[in-house]
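Undergrad: sharing a model that was predicted from the sequence below.
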Amino acid sequence: MKSIFALAATAVLALSAMPAAAEYARIQSKSDFVEAVNGKRLTRPLVDLRVTSGGAISGKGAVWEVVGTWTWENGYFCRTLVWGGKDMGYNCQVVTRDGAKIRFTSDKGTGESAVLNLR
């Protein structure tokens with residue numbers, strides 16, 4: 001009986017030591033965004049992108065080339081994108097960051113989100 005209690009106590013202590021859920025903070029300015037991404041790759045499985053301070057987007061998504069441009073407008077990352085020859089259009093996105101992770105949420109924060117690693 002003591003060993004079951006010890007095992008349960010160990011499990012509770014291990015769970016309480018787990019890190020808290022991610023705390024993403026919104027990136028509010030172009031300069032803060034450039035500081036976050038400059039010289040880094042934005043990656044996730046099958047995606048490897050570069051976003052330059054000069055407004056260019058390039059890389060790969062799955063096996064297809066990704067190219068585009070971006071601007072910073074009224075607190076949003078606004079981009080045009082072509083992926084594998086398909087025009088993905090213009091979209092303004094909320095950008096948030098938690099350490100080495102950056103999250104883009106389409107449609108000014110009301111659409112789908114993508115989390116990428118900053119490497």
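TA: Great, that's in hand. Numbering: from 1, shown residues only.

Undergrad: who does the helix or strand where residue 57 lies touch, helix- and strand-wise?
TA: Assigning secondary structure by DSSP states H and E places residue 57 in strand 56-61. In terms of contacts (3 or more C-beta pairs under 8 Å, 6 or more residues apart in numbering; DSSP states H and E), strand 56-61 is packed against strand 47-51, strand 64-73, strand 76-83. C-betas here are computed from N, CA, C, even on glycine.

Undergrad: buried ones in it?
TA: Within strand 56-61, the residues that count as buried by 16 or more other C-beta atoms under 10 Å are 57, 59, 61.

Undergrad: ok, now stretch 39-52?
TA: Buried residues in stretch 39-52, counting neighbours by 16+ other C-beta under 10 Å, are found at 40, 42, 47, 48, 49, 51.

Undergrad: which residues sit against that stretch?
TA: With contact meaning C-beta atoms under 8 Å, 6 or more residues apart in numbering, stretch 39-52 is reached by 37-38, 56-62, 66, 70, 102, 114-119.

Undergrad: quick one, the longest strand seen in the chain and strand 64-73 angle?
TA: As far as residue count goes, and with DSSP state E defining each element, the longest strand of the chain is strand 86-98. Computed with axes from the mean of the first three to the mean of the last three C-alpha atoms, to 10 degrees, the direction of strand 86-98 lies at 60 degrees from that of strand 64-73.
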